[in-house]
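Engineer: Predicted model and sequence below, questions to follow.
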Amino acid sequence: MVRSKKILSNSSAEKLHEHSTESFVNPGILNYIFEDLPLILILINKDGRVENINRATSIALGKEKKDSIGLLGGELFGCMNSLTGEGCGKNRECSECTVRNSVMYTFETGENIYKKEGELEIMTNGQSVTLHFLISTILIQQNNEPMVLLTAEDITEQKLSEKVLKESEIKYKELADSLPQTVFETDLQGNLTFVNRQAFEMFGYTQADFVKGLTVYQTLIPDDLDRAKLNLENVVRGDDRRSNEYTALRKDGSTFPVSIYPSRIVHNDRTIGIRGILVDIAERKQVEDAMFHAKLVAEAANHAKTEFFTNMSHELRTPLNSIIGFSQLLNTNPSGNLNEKETKYAYNIMTSGKHLLNIINDILDVSKIESGKSELVCEKFSLPSFIRDVEDTIKYLADKKNIEICNQFHSENIEVYADRLRMKQILYNLLSNSLKFTPENGCI
């Protein structure tokens, strides 16, 4: 047998098959490439027995050529049925054997078979293993006898990889379908290549619409398209992975606000598309609008309160100052016609009026502080006189508990520069607390 010094690729075998325009192939061409072709090549006679195998077959199946000649196909491959059953071709499973049926078909019809997928369950190291092949057959003549050249490409690893990938895809789809958000994938042109179940419910499209072809840009309003394309281009370049908000467009024309969280799909260090999650933010937007409305209502209420206190400042203080002024006048008994009890009543009216004025001032001051409009009004005034005024204001409350107010401030020539009203409120509050927690007949 003439051996080729050049190892031929799978494409060489395919070309050999393509050039087979007749049922019989020139054996000279076959002999030239047979031995060194890196594919499983087995020459089988009309009795189904091995006439020859090449080097790749010996390596793949672990059988020397001299030990392989004369074996049936199942025996050569180590098919489990041929080893444990009635023998190759005599078991119930043999009727479904792609290897056997392909060889028989070519013998019976003279037609060649090209890359038909099949599998064999073999025994290796005491364990059952399923091998996957792509089977091709060619009818040839050798020594005036019909022979079938069987080519088998082992695709077991490819099948296992496809199985793992398929299982991974199924798990990914199941996970994506369980999410309440839309999960999608696109190519670099924005064509949708995958969407989960939620996408159909959210946008109103069907599986048939998806099969016909949809782009991610069909799911957005026209006003958002330029911005969306720019943002996705940035994602492809790896410059931007932030979420962006858009107005989504359903199949029926209705719209709703969404936020899209995109990322790149990278394969072999090359970006091939975009994967993302699309979240319906209509409820969040509604909450943000309840909150904005509440803010406006609160601001309006606060403004109304400020207006109220501003008006009350004049409406309450004016008559109250008049009451305090006249009660002070009565307390001095300028005409001398008031008895001691009446003078005391006038004094009570004066002190109570001043106390009420202080309360009103406190309320108005709190309002000003809340609105950020409270201001200090500073002036020069006599400190001793100021202290005596506060003492007179608080004296009525002290007398009720028979508490003595001890003013030990003797200097009359001290002036201060301060907000007179604020200082009075501070000192009045301090003295009021002192009166509250000082027992009767005490002294402050």
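Structural biologist: That came through fine.

Engineer: Quick check: closest non-adjacent residue to residue 146.
Structural biologist: Leaving aside its chain neighbours, residue 146 sits nearest to residue 46 (5.8 Å; criterion: C-beta to C-beta, 6 or more residues apart in numbering). For glycine as for every other residue, the C-beta is placed from the backbone atoms N, C-alpha and C.

Engineer: quick one, phi psi at the one you found?
Structural biologist: When read as degrees, to the nearest 10, the backbone of residue 46 gives phi -70, psi -10.

Engineer: residue contacts, it?
Structural biologist: 107, 145-147 (C-beta atoms under 8 Å, 6 or more residues apart in numbering).

Engineer: If we use 10 Å, what do you get?
Structural biologist: Listed by C-beta atoms under 10 Å, 6 or more residues apart in numbering, the contact set of residue 46 reads 103-104, 107, 145-148.

Engineer: So how do I select the buried members of those residues in PyMOL?
Structural biologist: One line in PyMOL is enough to select the buried members of those, burial here meaning 16 or more other C-beta atoms under 10 Å:
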select buried, resi 103+104+107+147+148
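
Engineer: Export the contacts of residue 46 as a markdown table, with columns for secondary structure.
Structural biologist: What follows is the contacts of residue 46, written out as a markdown table (DSSP: H, G, I helix; E, B strand; the rest coil):
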| residue | secondary structure |
| --- | --- |
| 103 | helix |
| 104 | helix |
| 107 | helix |
| 145 | strand |
| 146 | strand |
| 147 | strand |
| 148 | strand |
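
Engineer: Quick check: residue 200 touching residue 207?
Structural biologist: Yes - assessed by C-beta atoms under 10 Å, residue 200 is found in contact with residue 207 at 7.1 Å.

Engineer: Please say which of these two ends up with more neighbours.
Structural biologist: Set residue 200 next to residue 207 and count neighbours by other C-beta atoms under 10 Å: residue 200 wins out with 16 against 10.

Engineer: got the contact list for the more buried one?
Structural biologist: 182, 206-207, 209-210, 251.

Engineer: out of those residues, which is most surrounded?
Structural biologist: Neighbour max across those (other C-beta under 10 Å) = residue 182, 24 neighbours.

Engineer: Show me what that one bridges to in the sheet.
Structural biologist: residue 278 (DSSP bridges).

Engineer: could you show me where the strands are in this structure, in order?
Structural biologist: 40-44, 50-53, 113-124, 127-142, 145-154, 182-187, 192-195, 244-249, 255-267, 270-280, 378-382, 415-419 (DSSP state E).

Engineer: nearest to residue 59, of those?
Structural biologist: Ranking the strands of the chain by proximity to residue 59 (C-beta to C-beta) places strand 40-44 first, at 9.3 Å.

Engineer: want to throw the contacts of residue 200 into JSON lines with distance to residue 344 and pLDDT?
Structural biologist: As requested, these are arranged in JSON lines below (distance: C-beta to C-beta, whole Å; pLDDT from 0 to 100):
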{"residue": "182", "distance to residue 344": "83", "pLDDT": "93"}
{"residue": "206", "distance to residue 344": "94", "pLDDT": "93"}
{"residue": "207", "distance to residue 344": "96", "pLDDT": "91"}
{"residue": "209", "distance to residue 344": "94", "pLDDT": "92"}
{"residue": "210", "distance to residue 344": "95", "pLDDT": "91"}
{"residue": "251", "distance to residue 344": "88", "pLDDT": "94"}
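
Engineer: Of those, which is the nearest to residue 327?
Structural biologist: Using C-beta to C-beta, the contacts of residue 200 come closest to residue 327 at residue 182, 77.0 Å.

Engineer: Can you give me the neighbour number for residue 284?
Structural biologist: Neighbours of residue 284 (other C-beta under 10 Å): 12.

Engineer: Likewise for the one 3 residues further on?
Structural biologist: Using other C-beta under 10 Å, residue 287 has 11 other residues around it.

Engineer: for residue 64, same thing?
Structural biologist: With other C-beta under 10 Å as criterion, residue 64 counts 10.

Engineer: Residue 34 now?
Structural biologist: 20.

Engineer: Against residue 251, how distant is it?
Structural biologist: As judged by C-beta to C-beta, to the nearest Å, residue 34 and residue 251 stand 60 Å apart.

Engineer: any idea how far residue 146 is from residue 80?
Structural biologist: Residue 80 is 29 Å from residue 146, by C-beta to C-beta.

Engineer: ugh, wrong one, residue 288
Structural biologist: From residue 288 to residue 146 the distance is 82 Å (C-beta to C-beta).

Engineer: nearest spatial neighbour of residue 214, skipping sequence neighbours?
Structural biologist: In space, residue 214 is closest to residue 192, 4.8 Å off (C-beta to C-beta, 6+ apart).

Engineer: Show the model's pLDDT score for the one you found.
Structural biologist: According to the prediction, residue 192 has pLDDT 94.

Engineer: In contact with it, which residues are there?
Structural biologist: 184-186, 199, 205, 209-210, 213-219, 273.

Engineer: where's it relative to residue 209, distance?
Structural biologist: For residue 192, the distance to residue 209 equals 10 Å [C-beta to C-beta].

Engineer: which residues are common contacts for those two?
Structural biologist: Common neighbours of residue 192 and residue 209 (C-beta under 10 Å, 6+ apart) are residue 218.

Engineer: ok, residue 281 to residue 139 distance?
Structural biologist: Counting by C-beta to C-beta - residue 281 and residue 139 are separated by 68 Å.
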